[in-house]
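*Asks:* pasting the sequence and the predicted model now:
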Amino acid sequence: MTEIYGTFEVMKLPEGKWQLLSNPIYFLDSGKSIKIDHGFIFDGGSVPQAFWSLGLTPVGTDADFAFLLHDWLYAKSRMGVEITTRHDADLAMLEVMLYSGVDSVLAHGAYTAVRAAAYPNWGDGSPDEPEGLLEDPAGFEWFRDG
């Protein structure tokens, strides 16, 4: 079962960036855990401003922990430390959004958007699984026991 321990404490930085002041730990369905150390700088959810009125903003919503985890996994990939695949990082974001109480339609919309558009921010900037863009998240295995 997905669980998150710790708090979401951030400090606003210039140019739309945020610095993490806490140390959240994620326990995902597979039993894997991920700790994000304070000091990590991220930009939150890349949500177009036109959608903010639907309740999904870069920081300050139920999606905060999901966006933080997603940004951290992508940042690690750009440093050459691939903890998982891009597909599974996107699914982890979806899993944490749903766990955190984000509306299912908004969560699945965000998942579809990152599958379609976020690949330039992963590792070397090339899509790792282009055929996975329309995959059903129910097939997600990385965080599931089977």
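*Replies:* That came through fine.
*Asks:* what is the neighbour count of Glu9?
*Replies:* Residues lying near Glu9 (other Cβ atoms under 10 Å) number 12. All C-beta atoms are positioned from the backbone trio N, CA, C, and that covers glycine.
*Asks:* what about it, distance to Ile34?
*Replies:* To Ile34, Glu9 is 17 Å away according to Cβ to Cβ, to the nearest Å.
*Asks:* and what of Ala63?
*Replies:* Distance of Ala63 to Ile34, computed by Cβ to Cβ: 17 Å.
*Asks:* for the closest residue to Thr61 other than its chain neighbours, report the pLDDT, please.
*Replies:* Leaving out its chain neighbours, the residue that sits closest to Thr61 by Cβ to Cβ, 6 or more residues apart in numbering is Gly55, at 6.2 Å. What the model reports for Gly55 is a pLDDT of 78.
*Asks:* neighbours around Gly55, how many?
*Replies:* Neighbour number of Gly55 under other Cβ under 10 Å is 12.
*Asks:* that one contacts Ala107, correct?
*Replies:* No - Gly55 is beyond contact range of Ala107, at 11.2 Å (criterion: Cβ atoms under 8 Å).
*Asks:* beta partners of Leu20?
*Replies:* Val10 (DSSP bridges).
*Asks:* spit out the contact partners of it.
*Replies:* Leu20 sits next to Glu9, Val10, Ile36, Asp37, His38, Gly39, Phe40, Ile41, Phe42, Leu68 when contact means Cβ atoms under 8 Å, 6 or more residues apart in numbering.
*Asks:* next up, the contacts around Tyr111.
*Replies:* When contacts are counted by Cβ under 8 Å, 6+ apart, Tyr111 is found next to Asp90, Leu91, Met93, Leu94, Met97, Pro137.
*Asks:* measure it to Ala66 for me?
*Replies:* For Tyr111 relative to Ala66 (Cβ to Cβ), the value is 10 Å.
*Asks:* overlap in contacts of the two?
*Replies:* Met93, Leu94, Met97.
*Asks:* which of the residues you listed fall in helices?
*Replies:* Taking DSSP state H, the ones among those that sit in helices are Met93, Leu94, Met97.
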